[in-house]
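Chemist: Sharing a model that was predicted from the sequence below.
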Amino acid sequence: MSSQDTVRHTPLSMDGNPTIDERASHCFGCGPANPQGLHLVFSTDTTVPEHPAATAHLQLDRLHEGPPGYVHGGIVATLLDEAMSKLNRPLDVLAVTRHMEVDYLRPVPLFQPLVLISRHSHRDGRKLFHQAEIQTTGGAVLARGKAVFIRLDKAILARAGFTQPDD
Ligand SMILES: CCCCCCCCCCCCCC(=O)SCCNC(=O)CCNC(=O)[C@H](O)C(C)(C)COP(=O)(O)OP(=O)(O)OC[C@H]1O[C@@H](n2cnc3c(N)ncnc32)[C@H](O)[C@@H]1OP(=O)(O)O
């Protein structure tokens with residue numbers, strides 16, 4: 001089953017109980033209300049429910065330049081992180097990135113269509129292990145990321161100091 005998931009990071013079970021990112025819609029990666037954001041639009045694929053995948057198609061310009069003509073490395077990491085974060089909703093968890101590693105395999109070009117793909121690998125208690133790639137439309141892998149996301153609950157939210165912005 002495939003569905004388009006433009007904004008939400010939060011699990012389906014929280015629908016009707018919007019959390020911070022849903023109310024704000026300013027996520028740099030996918031928030032439609034962020035004027036400087038990347039406005040990524042993902043499709044999530046839950047054909048294999050235990051290994052959901054997310055895909056976005058994008059093309060960047062000089063706003064995101066690092067080396068001349070290529071995407072800044074921090075933006076590359078952002079893209080991978082955002083793609084992996086989109087796996088949490090189909091897994092029905094609210095989670096944030098705890099650890100991420102990036103392999104910069106080839107420079108990522110500006111002004112060319114790119115494909116951003118992520119897939120959930122496995123889970124160990126509250127830890128979720130995800131992977132992501134930035135590819136050319138021909139399937140060449142330009143960058144690869146792996147991350148550990150931590151499932152949040154109310155106690156962790158309070159301990160970590162996450163607070164809700166004013167309405
Ligand atoms: C208000 C909030 C709203 C949230 C909205 C959600 C929307 C999301 C939007 C998404 C936007 C895009 C996404 C973003 O940008 S999310 C934004 C970026 N991320 C953050 O800001 C998270 C900051 N971190 C924290 O707040 C805390 O660390 C949390 C709360 C996550 C856990 O703090 P806590 O004190 O509870 O735990 P811990 O930190 O000691 O450790 C946790 C576990 O991790 C294991 N570990 C560590 N390293 C590794 C490693 N390399 N390989 C394998 N495992 C590793 C470690 O051993 C431990 O395991 P275990 O002991 O449990 O077995």
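Modeler: Yes, it's here.

Chemist: switch to C-alpha atoms for all contacts and neighbour counts from now on
Modeler: Will do.

Chemist: would you list every one of the strands in this protein?
Modeler: 2-5, 42-45, 53-58, 95-104, 114-124, 127-136, 141-151 (DSSP state E).

Chemist: Let me have those strands in JSON lines, extended by mean pLDDT and distance to the ligand.
Modeler: Below are the strands of the chain laid out as JSON lines (pLDDT from 0 to 100; distance: least, Cα to the nearest ligand atom, whole Å):
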{"stretch": "strand 2-5", "mean pLDDT": "66", "distance to the ligand": "13"}
{"stretch": "strand 42-45", "mean pLDDT": "95", "distance to the ligand": "13"}
{"stretch": "strand 53-58", "mean pLDDT": "97", "distance to the ligand": "14"}
{"stretch": "strand 95-104", "mean pLDDT": "97", "distance to the ligand": "4"}
{"stretch": "strand 114-124", "mean pLDDT": "98", "distance to the ligand": "8"}
{"stretch": "strand 127-136", "mean pLDDT": "98", "distance to the ligand": "6"}
{"stretch": "strand 141-151", "mean pLDDT": "97", "distance to the ligand": "5"}
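
Chemist: Same list (those) but as CSV, adding mean neighbour count.
Modeler: What follows is these, written out as CSV (neighbours: other Cα atoms under 10 Å):
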stretch, mean neighbour count
strand 2-5, 14
strand 42-45, 21
strand 53-58, 22
strand 95-104, 16
strand 114-124, 20
strand 127-136, 23
strand 141-151, 21
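
Chemist: can you put those strands in JSON lines and add distance to residue 88?
Modeler: Shown next, in JSON lines, are these (distance: least, Cα to Cα, whole Å):
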{"stretch": "strand 2-5", "distance to residue 88": "12"}
{"stretch": "strand 42-45", "distance to residue 88": "10"}
{"stretch": "strand 53-58", "distance to residue 88": "10"}
{"stretch": "strand 95-104", "distance to residue 88": "6"}
{"stretch": "strand 114-124", "distance to residue 88": "9"}
{"stretch": "strand 127-136", "distance to residue 88": "8"}
{"stretch": "strand 141-151", "distance to residue 88": "9"}
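
Chemist: To residue 86, which of those strands lies closest?
Modeler: Among the strands of the chain, strand 53-58 comes nearest to residue 86, with 6.5 Å by Cα to Cα.

Chemist: Partner strands of that closest one, with direction?
Modeler: Here strand 53-58 is paired, per DSSP bridges, with strand 42-45 (antiparallel), strand 114-124 (antiparallel).
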